[in-house]
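Undergrad: I'd like to go over a predicted model; first the sequence, then the structure.
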Amino acid sequence: MAATGKTLEEAKRSIREVIEGHPENLRQFGDPIPEASSMAGEVEITSGT
């Protein structure tokens, strides 16, 4: 799964759409839908320059 956006709000909206569509994708491929869970965290990225 991947989600992008030009702004933080666009990225959040894209992430939400990916997450909401995930169960349907699992069904299409016959994969089980896992139990609901949540996770939160941050990722720090430094520039390569």
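TA: Thanks, I have the structure now. Numbers count the residues shown, from 1 in each chain.

Undergrad: what about stretch 25-45, distance to the chain center?
TA: Taking the mean of its C-alpha atoms, stretch 25-45 sits 8 Å from the chain's own mean (C-alpha atoms, centre = their mean, to the nearest Å).

Undergrad: Can you list the neighbours in contact with that stretch?
TA: Contact partners of stretch 25-45, identified using C-beta atoms under 8 Å, 6 or more residues apart in numbering, comprise P23. Glycine gets a C-beta too; all of them are placed from N, C-alpha and C.

Undergrad: Then stretch 8-16?
TA: Outside stretch 8-16, the residues touching it (C-beta under 8 Å, 6+ apart) are A3, T4, G5.

Undergrad: Tell me the one of the residues you listed nearest P23?
TA: The closest of the contacts of stretch 8-16 to P23 turns out to be A3 (C-beta to C-beta; 16.1 Å).

Undergrad: So that closest one is in contact with V18, correct?
TA: Yes: with contact defined as C-beta atoms under 8 Å, A3 reaches V18; the gap is 4.9 Å.

Undergrad: still on that earlier bit, ranking by neighbours, what's the top pick from the contacts of stretch 8-16?
TA: Among these, A3 has the most neighbours (other C-beta atoms under 10 Å), with 14 neighbours.

Undergrad: Just the pLDDT at that residue, thanks.
TA: For A3, the pLDDT comes out at 78.

Undergrad: From T4, how far out is the residue nearest to it when sequence neighbours are not counted?
TA: Distance criterion C-beta to C-beta, 6 or more residues apart in numbering; nearest residue to A3, sequence neighbours excluded, is S14 at 3.8 Å. Using C-beta to C-beta, to the nearest Å, S14 is found at 6 Å from T4.
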